[in-house]
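J.: from the sequence below, what's the structure:
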Amino acid sequence: MKKVLLSVAFLAMVGLVSCKSEAKKETNTTEVTQAIAATNVSFGVRGNCGMCKKTIEKAANSVAGVSKANWDVTKKKIDISFDASKTNAAAVHKAIANSGYDTENFTGNETAYQNLPGCCQYDHAMVMNQTDAKKEDHSGHNH
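T.: The predicted structure is shown next:
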């Protein structure tokens, strides 16, 4: 009788361990598939402050398929990640423009712009999508 109980317990334990490792394999496959599907894009967006950042990122993240949005206040540039099977960069540009902010490809909705707080009403001639600051050339003179 003891041998039968031990055999049953052993089989149950082997079954649980094999199911657990099988579940881990499935999770890893899903993570790899999601990583491959992500498309990363950067483009310029005009804005001034932390409130702008919050609104711009909220607009970008409202697009189905967007997994990440980060707007750089200094560079006037947004970095987004999205699932290309669900959306595209133009849809994100439009969502941000509809919230009142100019992007490289779309002019912000004027009514939405007028409704932005005063600190967020940016200069429409503002340079966007700036790269890191260039070092000054001091080769022509001594310091």
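J.: dump the residue contacts of residue 124.
T.: 46, 102 (Cβ atoms under 8 Å, 6 or more residues apart in numbering). Yep, even glycine has a C-beta here, placed from its N, CA and C like the rest.
J.: secondary structure class for it?
T.: Secondary structure, DSSP: H, G, I helix; E, B strand; the rest coil: residue 124 is coil.
J.: give me the pLDDT value at it.
T.: The model reports residue 124 with a pLDDT of 89.
J.: and if you look at residue 25?
T.: Looking at residue 25, its pLDDT reads 43.
J.: and the strands in the protein?
T.: Using DSSP state E, the strands of the chain run over residues 38-44, 66-72, 77-83.
J.: figure out which of those strands is closest to residue 104.
T.: Within the strands of the chain, the stretch nearest residue 104 is strand 38-44; the backing value is 4.5 Å (Cβ to Cβ).
J.: give me the angle between the closest one and strand 66-72.
T.: With axes from the mean of the first three to the mean of the last three Cα atoms, to 10 degrees defining the directions, strand 38-44 sits at 30 degrees from strand 66-72.
J.: list the contacts of strand 38-44.
T.: Contacting residues not belonging to strand 38-44 are listed as 67, 76-84, 89, 92-93, 103-105, 128-130 [Cβ under 8 Å, 6+ apart].
J.: kindly report the same for stretch 89-101.
T.: Residues outside stretch 89-101 that contact it (Cβ under 8 Å, 6+ apart) are 41, 43, 45-47, 52, 55-56, 58-60, 62-63, 66, 69, 78, 80, 82, 103-109, 111-116, 120, 122.
J.: and residue 127, what does it touch?
T.: By Cβ under 8 Å, 6+ apart, residue 127 lies in contact with residue 76.
J.: thinking again about what came up before, name only those of the contacts of strand 38-44 that count as buried.
T.: Neighbour-count burial (16 or more other Cβ atoms under 10 Å) applied to the contacts of strand 38-44 gives 76-78, 80, 82, 89, 92-93, 103-104, 128-129.
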